[in-house]
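A.B. asks: dropping a prediction and its sequence here:
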Amino acid sequence: MNILTKLPDGLLNLKANELHQMLNDHTLIHLQGIIDRPLFISLLQHGNETTGWEALKVFLNNYIGKLPRSLIIYFGNLEAARYNLRLLDGQPDFNRCWPGQYQIKNETAMQLAKITQAVQSMNPFASIDIHNNTGRNPHYAGINKLTPQFINLASLFSDTIIHFTSPDGIQSGAFASFCPSVTIECGMTGTADGLEQTITFLNNLIHLPNLNDVPGVAEHQEVLNIFSTVKIKPDIPFTIAEETPNAQFVIEKDLDRHNFHMLPKGTPFGYLVQGYQEMPLIVTDQIGQDITDHYFDIQNQSVILKQNVMPAMITQSERAIKLDCLCYLMRPFKREHKSEQFLRKTS
Ligand SMILES: [Zn+2]
């Protein structure tokens, strides 16, 4: 494992697609600050999501030599970043290979298990994993546990907080077992407001002595619960907005405008090309059960919602849909009924 204890000269002048010139995938840099207990920051697990690195450069330039708290910076998929891709063909998604419920056996998972162990032994103060997404979404924070420390950490980034327990093997999920951890989604890559918000978040977080009382947030924050994932069946050819010769399913144009809005039943997600009847979507709950029939219906070739739901992370990228999913479905978290079981029964 690669742990550096200072920034290589010139590193802060590099763009995300140049980092591979100085660093390998999975490099850790441990920088000493005034408070010993480190903040862990994960960047570029997806190579084309560059806001984290852009924000960290600004942040480090402000604090160089006088960090209020130690940092451990994890650099993810720099080979994919080199080509401005989420991941390279043949690579696993790094953010599905961290220690989780299921044991994944590949080179990446082995590396990430070692890193997790090493960082755990340093007793991190908190962990943040920085991402962008490919559709229009508010900037939001995702957490895997609903304790005040997790909610406080997320609140420092955004008022929009989601709770999720799948997919398995994500970084914030792995670290949630030993420190407050959050995934932050800073909007689309390259947007100035996402960068600004991330820098502000880092600036606020680095000065905090603890996460127990961030004034006035925990009790009032509304948390949204992700209860299912919507994918397009792998054998169904699809397009976005316009019919093409081989497509069976055409996704509604600008579907991502619905992100984080409560949609009424009957809302169309797209339509089936004449001659096709098969439901193109597959909805699975947090334990992988097929619940498509509860949520989608076909009427006059139109694929519509069967009940009111709030989608998140609808993407307009065909590649992202194939590699990951079309979107997630959410509902406001009911604090008086915290168990997953309850949510499943009512779905
Ligand atoms: Zn990502």
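C.D. replies: Sure, I can see it.
A.B. asks: how about the residues of the protein that lie near the ion?
C.D. replies: 46, 49, 131 (C-beta under 5 Å from the ion). For the C-beta atoms, the positions are set from N, CA and C on the backbone; glycine is no exception.
A.B. asks: after the strand or helix carrying Asp193, next one along is what?
C.D. replies: According to DSSP states H and E, Asp193 maps onto helix 192-206. Remark: after helix 192-206, the chain's next helix or strand is strand 223-232, criterion DSSP H and E.
A.B. asks: just checking, what packs against that next one?
C.D. replies: Judged by 3 or more C-beta pairs under 8 Å, 6 or more residues apart in numbering; DSSP states H and E, strand 223-232 is in contact with strand 161-163, strand 281-285, strand 310-312, helix 318-323, strand 327-332, helix 340-346.
A.B. asks: among these, which is nearest Gln91?
C.D. replies: For the helices and strands packed on strand 223-232, the distance to Gln91 is smallest for helix 318-323, at 10.5 Å, taking C-beta to C-beta.
A.B. asks: from the stretch 201-347 of the chain, which residue is nearest to the ion?
C.D. replies: Asp324 (8.7 Å; C-beta to the ion).
A.B. asks: ramachandran coordinates for that residue?
C.D. replies: For Asp324, the backbone dihedrals are phi -130, psi -90 (criterion: degrees, to the nearest 10).
A.B. asks: swap in Val182?
C.D. replies: phi -150, psi 150.
A.B. asks: quick one: pLDDT of it?
C.D. replies: Per-residue pLDDT puts Val182 at 98.
A.B. asks: next: the one 3 residues further on.
C.D. replies: According to the model's per-residue confidence, Glu185 sits at a pLDDT of 95.
A.B. asks: that one reaches His131, doesn't it?
C.D. replies: Yes: contact criterion C-beta atoms under 8 Å: Glu185 and His131 qualify, at 5.2 Å.
A.B. asks: quick one, which of the two is more surrounded?
C.D. replies: Glu185 (25 against 22; other C-beta atoms under 10 Å).
A.B. asks: residues contacting the more buried one?
C.D. replies: 131-133, 137, 139-142, 313 (C-beta atoms under 8 Å, 6 or more residues apart in numbering).
A.B. asks: wait, which of the residues you listed is closest to Thr292?
C.D. replies: For the contacts of Glu185, the nearest to Thr292 is Met313 (18.1 Å; C-beta to C-beta).
A.B. asks: tell me how many other residues crowd the closest one.
C.D. replies: Met313, neighbours per other C-beta under 10 Å, totals 25.
A.B. asks: got it, and Ile226?
C.D. replies: By the criterion of other C-beta under 10 Å, Ile226 has 21 neighbours.
A.B. asks: ok, the closest residue to it other than its chain neighbours to Ser121 distance?
C.D. replies: Among residues not flanking Ile226 along the chain, Phe164 sits closest, at 3.9 Å (C-beta to C-beta, 6 or more residues apart in numbering). For Phe164, the distance to Ser121 equals 27 Å [C-beta to C-beta, to the nearest Å].
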